[in-house]
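> structure for this input, please:
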Amino acid sequence: MVLSDRDIKKALQTGQIRITPSPNLSIQLGSCSIDLRLGNAFRVFEHSKQAFIDPFAKNVSDQVTREIVVKNGEQFVMQPGDFVLAVTKEHVTIANDLMGRLEGRSSLGRIGIVVHSTASVFDPGWDGKPVLELGNLGRMAVALVPGMRICSFTFETLSSPSENPYNKKKHAKYKGQKGPEGSKINQES
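Below you'll find the model as predicted:
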């Protein structure tokens, strides 16, 4: 069952959901979701340095991307066809009996910006800054500004608490992430 605005507020009060810094509920809380804001860190692909991406190469992310930080009030311009990783301003922690789902915002989709290409589900026990897989599908460049509302997060109740929540998994690759970390698929066996 998807949590309503009323249930999201209760979960924030009880600590089932923790969001830091605290959201401005009068602006960020929707009927069944909470908007998260764009952070300052972006991981851009340096496609001219490598002919292709070998996802199983050691340190693949360091080979094909670099992180840049945009100052508050400045713009990050996404050109048509661009794909970058970004991070939310907020750190999100989810209890073991909930899951989260990151969704794009319609207002951005209508100008060509998608905020996740595949990774929309956040497991019970998630603890970190959500990373966004931003793409510009449009034909015009779009300026993004740190602090703008970039995505919505919904929460669903599990039938029972997870036996193996994400924050307890030994091999959870993105546990506690603070920035737009690149792919760690090479750590899979």
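> the bottom helix or strand of this protein by mean pLDDT?
helix 60-64 (a mean of 78; mean pLDDT, DSSP states H and E).
> buried residues in that helix, which are they?
Using 16 or more other CB atoms under 10 Å as the test for burial, helix 60-64 gives 60-61, 64. C-beta: built from backbone N, CA, C; applies to glycine.
> who touches the spatially closest residue to Gly182 that is not a sequence neighbour in this structure?
In space, not counting the residues next to it along the chain, Gly182 is nearest to Ser61; the distance is 2.6 Å by CB to CB, 6 or more residues apart in numbering. Contacts for Ser61 (CB atoms under 8 Å, 6 or more residues apart in numbering) come out as 43, 181-184.
> please report the distance of Asn164 from Phe155.
Using CB to CB, to the nearest Å, Asn164 is found at 19 Å from Phe155.
> oops, could you answer that again for Pro124 instead?
10 Å.
> which neighbours do these two share?
Here Pro124 and Phe155 have 94, 98-99 as joint contacts, going by CB under 8 Å, 6+ apart.
> reformat the residues you listed as a markdown table; add pLDDT and neighbour count.
Formatted as a markdown table, the shared contacts of Pro124 and Phe155 follow (pLDDT from 0 to 100; neighbours: other CB atoms under 10 Å):
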| residue | pLDDT | neighbour count |
| --- | --- | --- |
| Ile94 | 97 | 24 |
| Leu98 | 97 | 23 |
| Met99 | 97 | 21 |
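> in strands, which of those residues fall?
If you go by DSSP state E, the shared contacts of Pro124 and Phe155 have 94, 98-99 in strands.
> report the buried residues of the lengthiest helix in the chain.
Among the segments of the chain that qualify as a helix by DSSP state H, the longest is helix 5-14. For helix 5-14, burial by neighbour count (16+ other CB under 10 Å) applies to 7-8, 11-12.
> nearest to Pro80, of these?
Ile8 (35.2 Å; CB to CB).
> if I read this right, that closest one contacts Ile34, doesn't it?
Yes. With contacts counted by CB atoms under 8 Å, Ile8 reaches Ile34, the gap being 5.9 Å.
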